[in-house]
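Participant: following is a predicted model, sequence given first.
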Amino acid sequence: MAKYRLDRISEEIKKEVSDIIRNELKDPRVAALCSVVLVHTTPDLKFAKIYISILGDESEKEETYKGLKSAAGFIRKELSERLNLRYTPQLVFEIDKSIEHGANISKILNEIKRKEEGESH
């Protein structure tokens with residue numbers, strides 16, 4: 001399968017899963033501030049690893065992860081109705097910490113900048 005086709009399918013899965021989580025999923029465990037960051041689909045379209053970013057404390061992240069994991073079958077069924085694919089991939093959710101990591105680095109850099117400005121004056 002061509003790489004560009006796999007990328008297009010992954011982007012379409014990302015868009016649709018994000019919409020399903022936001023509008024169709026009624027699980028109270030899933031946090032409102034949950035977003036799909038990235039989707040990696042295997043070349044045979046059997047599996048899709050979905051990276052989720054969750055804003056909140058650790059308990060909210062854990063509950064949202066459990067809610068998404070238990071709703072994977074429902075999300076897959078909805079995805080199969082929306083996409084015209086021979087196989088609808090098995091969904092595997094992973095928590096993505098890149099946004100949180102970036103915010104932490106930004107905070108550290110701002111602290112260093114404030115210290116340097118305080119020393120120079």
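Facilitator: Nice, I can see it. Residues are numbered from 1 along each chain as shown.
Participant: what sits against the residue nearest to the spatial centre of the chain?
Facilitator: Nearest to the mean C-alpha position of the chain, by CA atoms, centre = their mean, lies Ile52 at 2.1 Å. Each residue near Ile52 by CB atoms under 8 Å, 6 or more residues apart in numbering is listed here: Cys34, Ser35, Val36, Val37, Thr64, Tyr65, Leu68, Phe93, Glu94, Ile95, Asp96. The way it works is simple: take the backbone N, C-alpha and C, and place the C-beta from them, glycine included.
Participant: the third one is in what secondary structure piece?
Facilitator: In this structure, Val36 sits in strand 34-41 according to DSSP states H and E.
Participant: quick check: mean pLDDT across that strand?
Facilitator: For strand 34-41, the mean per-residue pLDDT is 92.
Participant: the next helix or strand after it: which residues count as buried?
Facilitator: From strand 34-41 onward toward the C-terminus, using DSSP H and E, the following helix or strand is strand 47-54. Applying a neighbour-count criterion of 16 or more other CB atoms under 10 Å, the buried positions in strand 47-54 are Ala48, Lys49, Ile50, Tyr51, Ile52, Ser53, Ile54.
Participant: the longest helix seen in the chain - contacts with which helices or strands?
Facilitator: Criterion DSSP state H: the longest helix present in the chain is helix 98-120. In terms of contacts (3 or more CB pairs under 8 Å, 6 or more residues apart in numbering; DSSP states H and E), helix 98-120 is packed against strand 47-54.
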